[in-house]
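Participant: coords please:
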Amino acid sequence: MERLILDCDTGQDDAVAILMANGAKNLKIEGIVAVAGNATLENTLENNLKLTEEINLDVPVYKGCSSPLIRKQIIAEGIHGKTGYDGPVFQKKRNKQCMGDGIDFIINTIMENPGEINLVATGPLTDIAMVIKKEPKIIDNVKRIVLMGGALMQGNITPSAEFNIYADPEAAKIVFNSGAEIYMMGLDVTHQVLLNKENFNRFEREQEENPTRVREIFIEGMRAYTKTCVAEIHEYPAMHDPCCIAYLIDPSLFTFQSRDIDVETKGELTYGKTVGLWPNINSKTHVGIGIDADRFFDILSDTLS
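Facilitator: Modelled structure (predicted):
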């Protein structure tokens, strides 16, 4: 059983990561922390509270950082909508409440369970950097950090940078230089799992044959996500954040390259770029470069069932 804390900026693909983790038999979610990123903290927190209540996911939800460490805040309204999670219509009146400060929750949970907790970050790395700054011993006690962010290839918010890293490069630099065991799910691997028409039709067929509320929420969110991705970036949506959960479910899906990563925080044209240094078999940073896409979608199907 893999235990995890999910730090996310929900977000359609963050929501899929939550749905996927909820349905995985070998994962236990200890808590979910909202961070600003795809939308404001107010919206990402509300999205986490609504979604977890809707699917009866009985885990505490906490509030993380509302803005980047240094840079001016950006959000991804053009892709994820004004709420950050446009698409699903929630049937329940939201009664679930925020349980307090997410930074302290992450620190306390990891320090009380040394070597047992996976810290999964699917948004900007602001919260993770704050945790490291506040309690440096976290590095020796977290099992691993699994994060969605960065790219060795071209970016998706600028030619150089991927959104999550660009949203807070200074935080990302702290995390990548912390010495923690890191598994990086960047664009190099996440762009290999696109929710194209064929894949989407599969989930619609499965919903017709065996309806579930979880899969219905997935389909509602992905309809909205596909519409904006096709309109704004002219491609089908990638399953970015779910790759982090898929790794914890079945690491054999992925191939990695071990190499140190640094983050550009000064370049005018390269601000937010994740710079892959020379491959190094002794590096504690493992960059995803390959994935078995067919098996990924099989696992996603199983967890939504």
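
Participant: every contact and neighbour count from this point should use C-alpha atoms.
Facilitator: Will do.

Participant: which SSE is Met111 in?
Facilitator: Under the criterion DSSP states H and E, the helix or strand holding Met111 is helix 102-112.

Participant: who touches that helix?
Facilitator: For helix 102-112, the surrounding residues in contact (C-alpha atoms under 8 Å, 6 or more residues apart in numbering) are 5, 33-34, 62-64, 116-117, 127, 130-131, 135, 138, 141-142.

Participant: switch the cut-off to 10 Å
Facilitator: For helix 102-112, the surrounding residues in contact (C-alpha atoms under 10 Å, 6 or more residues apart in numbering) are 4-7, 30-35, 60-65, 99, 116-119, 127-132, 134-143.

Participant: in the protein, which spans are strands?
Facilitator: Ranges of strands in the chain, per DSSP state E, are 2-8, 27-34, 61-63, 117-121, 144-148, 182-185, 254-263, 274-279, 285-291.

Participant: give me the helices and strands touching the fifth one, please.
Facilitator: Helices and strands touching strand 144-148, by 3 or more C-alpha pairs under 10 Å, 6 or more residues apart in numbering; DSSP states H and E, are strand 2-8, strand 117-121, helix 163-166, strand 182-185, helix 187-190, helix 242-249, strand 285-291.

Participant: most packed of these?
Facilitator: Mean neighbour counts were compared across those using mean count of other C-alpha atoms under 10 Å; the top stretch is helix 163-166, at a mean of 28.

Participant: elements contacting it?
Facilitator: Contacts defined by 3+ C-alpha pairs under 10 Å, 6+ apart place helix 163-166 against strand 144-148, helix 169-176.

Participant: the shortest one pairs with which strands?
Facilitator: Here strand 144-148 has these sheet partners by DSSP bridges: strand 117-121 (parallel), strand 182-185 (parallel).

Participant: can you redo the ones you listed as CSV with distance to Ile18 and mean pLDDT?
Facilitator: Listed next are the strands paired with strand 144-148 as CSV, based on distance: least, C-alpha to C-alpha, whole Å; pLDDT from 0 to 100:
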stretch, distance to Ile18, mean pLDDT
strand 117-121, 11, 98
strand 182-185, 16, 98
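
Participant: closest one to Phe200 among those strands?
Facilitator: Evaluated with C-alpha to C-alpha, those place strand 182-185 nearest to Phe200, the distance being 22.1 Å.

Participant: ok now the closest one, how far from the chain's centre?
Facilitator: 11 Å (C-alpha atoms, centre = their mean, to the nearest Å).

Participant: kindly export that strand (C-alpha atoms) in CSV.
Facilitator: Listed next in CSV are the C-alpha coordinates belonging to strand 182-185 (Å, rounded to 0.1, in the frame of the first residue of the first chain):
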residue,chain,number,x,y,z
ILE,A,182,12.1,13.1,-7.2
TYR,A,183,10.1,11.5,-10.0
MET,A,184,9.4,14.1,-12.6
MET,A,185,6.4,13.7,-14.9
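
Participant: ok so, going back, filter the contacts of helix 102-112 down to the buried ones.
Facilitator: When these are checked for burial by 16 or more other C-alpha atoms under 10 Å, the buried set is 4-7, 30-35, 60-65, 116-119, 127-132, 138-139, 141-143.

Participant: returning to what we had before: can you add distance to Asn43 and give the strands paired with strand 144-148 back as JSON lines?
Facilitator: Conversion of the strands paired with strand 144-148 to JSON lines gives the following (distance: least, C-alpha to C-alpha, whole Å):
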{"stretch": "strand 117-121", "distance to Asn43": "17"}
{"stretch": "strand 182-185", "distance to Asn43": "24"}
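
Participant: between these, which gets nearest to Thr285?
Facilitator: Closest to Thr285 of those, according to C-alpha to C-alpha: strand 182-185, at 4.7 Å.

Participant: what's next to that closest one, contact-wise?
Facilitator: The list of residues contacting strand 182-185 from outside it, by C-alpha under 10 Å, 6+ apart, reads 119-122, 143-151, 175-176, 240-244, 247, 254, 256-258, 260-261, 283-290.

Participant: what residues does stretch 205-221 touch?
Facilitator: 11-13, 15-16, 19-20, 22-23, 51, 54-56, 80, 85-90, 200-201, 203-204, 222, 225, 301, 303-305.
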